[in-house]
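# Below is the sequence, then the predicted model.
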Amino acid sequence: MPVTMEQVRAALTPEEPDYEQAAQLGPEALPHLEGLVGETDALLASKATYLVSLIEDPHSANILRRAAASDRAQVRAAAAGGASNLSPSAASDVLEPLLNDRDVSVRKVALKSVPEEASSGLQATVQSLSEADSNPAIRKLSSRVADRLRRD
């Protein structure tokens, strides 16, 4: 049975959506979610972005990469958080630009989502942040992440 936009919106309407249940809509919901990621309502767009990350489909990573380029920090942060639900290589692709985001909160969420098997490029970016980020809290967090990556 096809998934409708109304079903997708209904799943995302609660203040705290049941993402596990909403993910059961499956890949058929992705075209609707992709449209919602660009929605003017930043809260709805960020909820849609995170839900995309929970749907196992190759297209999910593409949608998250687009969300990572949003001009709204809330959506970029949702893409960063959602990256933790992707494969390490897909997560690395989504997180690479977010680690250099102009918004400190986006960088923080991105650092917390760095996978154990991060790409060498992502590892280098984390190391660079630990040495040169303008925010002391980000330098400290990235240093901890870099240490974790070296141990793995």
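Here it is on my side, so go on.
# Could you list every helix and strand in contact with the helix or strand hosting Arg139?
Using DSSP states H and E, Arg139 falls within helix 136-151. On a contact count with 3 or more Cβ pairs under 8 Å, 6 or more residues apart in numbering; DSSP states H and E, helix 136-151 meets helix 104-112, helix 120-132. C-beta here means a position set from N, CA and C on the backbone, and glycine is covered the same way.
# tell me the contacts of the residue positioned nearest the centre of the chain?
Residue closest to the mean C-alpha point of the chain, counted by Cα atoms, centre = their mean, is Ala79 at 2.2 Å. Neighbour list for Ala79: Thr49, Ser53, Leu64, Arg65, Ala67, Ala68, Ser70, Val94, Leu98 [criterion: Cβ atoms under 8 Å, 6 or more residues apart in numbering].
# what's the burial count for Ala10?
12 (other Cβ atoms under 10 Å).
# Can you classify it by secondary structure?
Here Ala10 takes the helix state, with states given by DSSP: H, G, I helix; E, B strand; the rest coil.
# No further queries at this time; thank you.
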